[in-house]
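> generate a structure from the sequence data that follows.
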Amino acid sequence: MNRRSFLSAIAAPLFAQQPRGKFNVLFIAVDDLKPAIGCYGDALAITPNIDRLAARSLRFSRAYCQQAVCSPTRTSLLLGRRPDTTKIYDLEHHFRGVLPDVVTLPQHFKNNGYVTASLSKIWHGGLEDGRSNTIPHWVPQSPAAWGTVENALWQTRRETKVMADGWRADTQAQRDQKQKKKKAARGPVWASPDVPDNGLGDGKTADMAIKAIETLKNDRFFLMTGFLKPHLPFIAPKKYFDLHKPEKFTLAKFQKAPVGSPAFALHANGELRGYDLVPKDGPIPDALQKDLLRAYYACASYTDAQIGKLLDALDKNGLANNTIVILWGDHGWHLGDHGLWHKHTNFEQATRVPLFIHVPGQKNPGRATAGLTEYVDIFPTLTELAGLPPSTGLEGISFAPLIDNPDRPWKQAAFSQYPRPGLMGYSMRTERYRLTLWLSRDGNKEMDAELFDYETDPDETENLAKSASHAQTMKDLRAQFAKGWRGALPR
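Numbers count the residues shown, from 1 in each chain. Just a heads-up that it's a prediction; the model follows:
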């Protein structure tokens with residue numbers, strides 16, 4: 001793919017104006033990656049390339065997503081707004097049905113002269129946003145190469161499936177039928193085919209990202225690259241399974257619901273149970289749990305290798321010194337703790353996320369910050385670091401000050417939420433505690449509450465909300481909760 005043929009596939013000029021930004025942005029999203037990474041202290045992880053990025057970045061040790069499931073968290077991050085503003089709590093709605101004229105993070109860069117492009121999973125599949133990109137979106141299953149007219153037409157057909165009111169164009173019956181077929185066709189929960197990296201989707205995505213970097217190296221770009229693994233099913237080339245010895249994996253030590261927590265705070269592992277080898281109900285067998293642990297870490301190593309290729313491409317093309325690199329996992333993941341095997345909760349393992357940012361010339365490469373950080377903060381941060389004018393209506397703040405001073409005082413709390421039928425669980429994470437209030441969907445009635453003290457109970461074994469000895473703590477945290485996210489901002 002040469003530069004001329006690439007540019008000829010773009011119907012409109014790349015630049016509406018000269019770009020004002022100081023840096024390119026390489027924006028890397030990883031699906032279902034929790035902080036199971038070497039530089040986070042995970043002894044099981046084999047992630048040398050993310051660790052390499054960490055050595056020249058700021059690493060966030062206490063970053064949190066706004067809702068632990070794909071579309072809501074990605075929408076919240078890319079709009080810089082919280083789920084109660086976007087109204088995206090599921091995998092079916094498109095945010096433009098609620099906020100038709102909202103400006104997304106990549107769209108803001110596009111409006112300021114950047115070439116914006118997205119590869120593979122950035123938005124949740126089928127809910128892409130054409131206004132955000134200069135170049136049509138690409139996925140590994142595309143029938144034609146990135147940047148061609150054929151792929152643009154294919155993507156247009158894909159996007160027409162989203163109706164103007166924000167629903168996918170399928171009827172509910174059609175969606176139910178597709179979901180039934182999807183479950184029937186899911187296949188094994190893990191596999192280790194003996195194939196090269198680009199024999200699977202993420203390897204193809206890395207190859208395309210390298211081509212994109214080579215093509216755009218003389219432009220100011222905002223390149224979004226999404227990797228699918230370690231999302232289920234846990235499938236990666238065999239060589240990454242070979243890195244991880246089965247005998248090293250032990251089961252989560254606490255596999256029960258927290259004492260005193262309501263049953264609706266958990267889930268029944270429905271996503272996992274749609275795959276072969278997994279029992280349709282009851283506990284997950286110990287042997288399968290060990291296989292799943294190994295497979296998750298193997299998939300993380302596979303994605304780590306693809307990220308390394310992107311970092312190498314920046315170096316090879318002379319872009320390392322003028323490109324911001326930001327890497328994030330869209331939410332956490334349960335690996336057997338509480339008996340859970342995916343996200344979909346307000347617990348620590350589902351809401352805590354890995355986050356790294358490298359800025360050329362930053363003062364503290366290789367440092368970590370314990371400052372409480374949220375994904376709604378990414379939009380204003382990248383805007384500030386690139387030197388662009390601020391966008392309006394955002395519900396986070398720039399964490400650029402932490403890059404200069406990782407130890408400075410920062411937010412008092414981070415906020416997440418997760419819906420259940422008829423309920424919404426609002427969760428506030430402070431330095432020590434997590435308070436979750438389960439409210440009726442109209443917000444008028446509290447149905448239950450949870451309190452966890454991570455200083456004394458890091459595994460969330462007991463809900464302390466009704467403990468007499470924690471009555472004052474509950475009172476203080478409720479008062480803090482009532483102030484909302486604005487009340488938690490740095491003073």
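> next, the closest residue to residue 207 other than its chain neighbours: phi, psi?
Among residues not flanking residue 207 along the chain, residue 198 sits closest, at 5.4 Å (CB to CB, 6 or more residues apart in numbering). Backbone N, C-alpha and C define where each C-beta goes, glycine included. With angles defined as degrees, to the nearest 10, residue 198 shows backbone torsions of phi -80, psi 10.
> my read: residue 198 touches residue 209, true?
No - look at residue 198 against residue 209 with CB atoms under 8 Å: they stay out of range, at 11.7 Å.
> these two: who's more crowded?
residue 209 (27 against 16; other CB atoms under 10 Å).
> that one falls within a helix, correct?
Yes - when DSSP: H, G, I helix; E, B strand; the rest coil is applied, residue 209 is found to be in a helix.
> which pLDDT value goes with it?
pLDDT, residue 209: 97.
> residue contacts, it?
119, 223, 225, 309, 310, 313 (CB atoms under 8 Å, 6 or more residues apart in numbering).
> please name every helix or strand in contact with the helix or strand hosting the third one.
Think residue 225. Using DSSP states H and E, residue 225 maps to strand 221-227. Applying 3 or more CB pairs under 8 Å, 6 or more residues apart in numbering; DSSP states H and E, one finds that strand 221-227 contacts strand 24-30, helix 105-111, strand 115-120, helix 201-216, helix 286-316.
> for residue 325, find the nearest of these.
Evaluated over the helices and strands packed on strand 221-227, closeness to residue 325 peaks at strand 24-30, with 4.8 Å, by CB to CB.
> tell me which strands the closest one pairs with, and in which orientation.
Counting by DSSP bridges, the strands paired with strand 24-30 are strand 221-227 (parallel), strand 323-329 (parallel).
> for this structure, give me the ranges with low pLDDT.
The model of the chain has pLDDT under 70 over residues 1-19, 142-185.
> just list the residues touching residue 22, thanks.
Neighbouring residues of residue 22 by CB under 8 Å, 6+ apart: 322, 385, 386, 387.
> and the buried ones among those residues, selectable in ChimeraX?
Here is the ChimeraX command that picks out the buried ones among the contacts of residue 22, judged by 16 or more other CB atoms under 10 Å:
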select :385,386
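> ok, back up a step: dump the strand holding residue 225 to PDB, restricted to CA.
Output of strand 221-227 as PDB, limited to C-alpha atoms (Å, rounded to 0.1, in the frame of the first residue of the first chain):
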ATOM      1  CA  PHE A 221      -2.100  11.700  13.100                       C
ATOM      2  CA  PHE A 222      -4.300  10.300  15.800                       C
ATOM      3  CA  LEU A 223      -4.100   6.600  15.200                       C
ATOM      4  CA  MET A 224      -6.400   4.300  17.300                       C
ATOM      5  CA  THR A 225      -5.400   0.700  17.400                       C
ATOM      6  CA  GLY A 226      -7.600  -1.800  19.200                       C
ATOM      7  CA  PHE A 227      -6.500  -5.400  20.200                       C
END
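> tell me how far the next helix or strand after that strand lies from the chain's centre.
Downstream of strand 221-227, the next assigned helix or strand under DSSP H and E is strand 234-235. Remark: strand 234-235 is offset 18 Å from the chain centroid, using CA atoms, centre = their mean, to the nearest Å.
> over to stretch 37-57?
Using CA atoms, centre = their mean, the offset of stretch 37-57 from its chain centre is 17 Å.
> can you check stretch 119-135 too?
14 Å.
> same question, stretch 127-138
Relative to the centre of its chain, stretch 127-138 is centred 18 Å away, using CA atoms, centre = their mean.
> for stretch 254-263, same thing?
The answer for stretch 254-263 is 26 Å, by CA atoms, centre = their mean.
> can you list contacts of that stretch?
Contacts of stretch 254-263 (CB under 8 Å, 6+ apart): 265-266, 283, 336-339, 438, 447-448, 450, 452, 459-466.
> and the buried ones among those, selectable in ChimeraX?
Paste this into ChimeraX to select the buried members of those, with burial taken from 16+ other CB under 10 Å:
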select :265,266,336,337,338,339,438,448,450,452,459,460,461,462,463,464,465
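> check contacts around the residue nearest to the spatial centre of the chain.
Centroid-nearest residue in the chain, with CA atoms, centre = their mean: residue 330, separated by 1.0 Å. By CB under 8 Å, 6+ apart, residue 330 lies in contact with 29, 30, 31, 32, 33, 65, 70, 73, 74, 77, 353.
> rebuild these as CSV, extending it with neighbour count and secondary structure.
What follows is the contacts of residue 330, written out as CSV (neighbours: other CB atoms under 10 Å; DSSP: H, G, I helix; E, B strand; the rest coil):
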residue, neighbour count, secondary structure
29, 24, strand
30, 29, strand
31, 23, coil
32, 24, coil
33, 28, coil
65, 27, coil
70, 21, helix
73, 25, helix
74, 26, helix
77, 25, helix
353, 26, strand
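> on that earlier part again, from the strands paired with strand 24-30, which stretch is densest packed?
Of those, the one with the most neighbours on average (mean count of other CB atoms under 10 Å) is strand 221-227, at a mean of 27.
> off-centre distance for it?
Centroid separation between strand 221-227 and its chain, computed with CA atoms, centre = their mean, is 13 Å.
> could you do stretch 382-399 as well?
A distance of 19 Å separates the centroid of the chain from that of stretch 382-399, by CA atoms, centre = their mean.
> endpoint to endpoint, that stretch covers what distance?
9 Å (CA to CA, to the nearest Å).
> now it: buried residues?
Buried, per 16+ other CB under 10 Å, within stretch 382-399: 382-386, 388, 391, 394-399.
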